[in-house]
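Q: Attaching a predicted model along with its sequence, questions to come.
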Amino acid sequence: MPELPEVETVRTGLAAFLPGKKITHESYDWPKGFPNSDADVRQFLLGASITAVRRRAKVLLIDLDTAYTLVIHLKMTGQMVYRGDHEQFGAGHPNDSLIGRLPDKSTRVTLTFADNSKLFFNDQRKFGWMRLMPTIEVEQLDFFQKVGPEPLAADFTPAQFIARLKRRAKSGIKAVLLDQTVVAGIGNIYADESLWGAKIHPETKVQEVSPAKLQKLYESLRDVLQLSIEKGGSTDRNYVNAEGKRGSYLTFAKVFRREGKPCPRCGTTIIKLRVAGRGTHVCPRCQVLPKA
DNA sequence: CACTTGACCTGTCCGC
DNA sequence: TGCGGACAGGTCAAGT
């Protein structure tokens, strides 16, 4: 579920609420998703105050003044929702909220703060996880050692992007975009959207994509990620921001989940394929495989 | 080595 | 209305 724009939207929301909050209580019902020992939780989490909320790739990082960090991956259906005391953790929000009273049956971890507000980590499918570890060790995690650059970073250039893609010259380009070690944060939605923008068929081998189209892919990737962040991310089913509200990017999506509808560029009916094991949306006229 | 498949889970939707 | 199967935005491990 959450890809870079969704995790970034959650980060922004949490960053508005959490810094300075002191954790007074925690509860969890999914040891596999939050495997820390009770002793570590007591020593480094309870009584700690939050100093910052960061993001790297699709991972959320909540820094504590104990020099520990909560490392969180939402995977497919994870949610991080903050509720103030005055909201009673109750009725939810009328229109744009997907969730009501909290905790609910998908709540895995609840943090309570000194002002009695709460942070809920919900995860229907239980793929997500949360881990408490020394801040200094976070960057040593295998994932962070391998993960590629942030595509929206100011110093991320087209030349860098293209060079990294070409490390897997013989692979299908969608599979390469989804590879977190090539570029960070791209998932199924933005892979499909950016390939449509650059008029590239997702199964095209990287080495067969023209330099002009690779340049165009860099631009369309950054454009769709940026637009999605502005729209609060994509909500297909589960995703919500830190306030429990949906994102609206899918309203603007050109191909994702639009099979059977006309391509916004040429009017041809969009089709759904299976590429790299993932549901994949393409315009069969705009996005054509080069002849073998 | 590179790609595909299965595993991790629950919920929903679709066809019979 | 019930039931089986496919599918869902991510990643990792194992198999080919």
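A: Yep, it's here. If you're wondering where the values come from, they're calculated on a predicted model, not measured in any experiment.
Q: and the stretch 1-150 of chain A, which residues reach DNA strand C?
A: A:1-3, A:6, A:57-58, A:73, A:75-76, A:125, A:127, A:142-143 (Cβ under 7 Å from any atom of the strand). (C-beta placed from N, C-alpha, C; glycine too.)
Q: Of the residues you listed - the most surrounded one?
A: Of those, residue A:2 is surrounded by the most neighbours, 30 neighbours in total, counting by other Cβ atoms under 10 Å.
Q: can you tell me the helix or strand for it?
A: Residue A:2 is part of no helix or strand, with elements assigned from DSSP states H and E.
Q: Could you measure from whichever residue of the stretch 151-292 of chain A sits closest to DNA strand C over to residue A:2?
A: Of all residues in the stretch 151-292 of chain A, residue A:187 sits closest to DNA strand C, at 1.8 Å by Cβ to the nearest atom of the strand. Separation of residue A:187 from residue A:2 (Cβ to Cβ, to the nearest Å): 8 Å.
Q: Which residues are in contact with each of those two?
A: Common contacts of residue A:187 and residue A:2, defined by Cβ atoms under 8 Å, 6 or more residues apart in numbering, comprise residue A:58.
Q: just for the stretch 151-292 of chain A, where's the confidence low?
A: The stretch 151-292 of chain A contains residues with pLDDT under 70 at A:292.
Q: Spell out which residues of it are next to DNA strand C.
A: So the stretch 151-292 of chain A meets DNA strand C at A:178, A:180, A:187-189, A:233-239, A:278-279 (Cβ under 7 Å from any atom of the strand).
Q: so of those residues, which ones are in strands?
A: Mapping those onto strands (DSSP state E) picks out A:278-279.
Q: With neighbour count and distance to residue A:24 added, can I get the residues of the stretch 151-292 of chain A next to DNA strand C in TSV?
A: Shown next, in TSV, are those (neighbours: other Cβ atoms under 10 Å; distance: Cβ to Cβ, whole Å):
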residue	neighbour count	distance to residue A:24
A:178	21	40
A:180	17	35
A:187	21	35
A:188	20	39
A:189	25	37
A:233	27	30
A:234	28	34
A:235	21	32
A:236	15	35
A:237	10	33
A:238	20	28
A:239	28	29
A:278	15	42
A:279	13	43
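Q: This completes my enquiry, with thanks.
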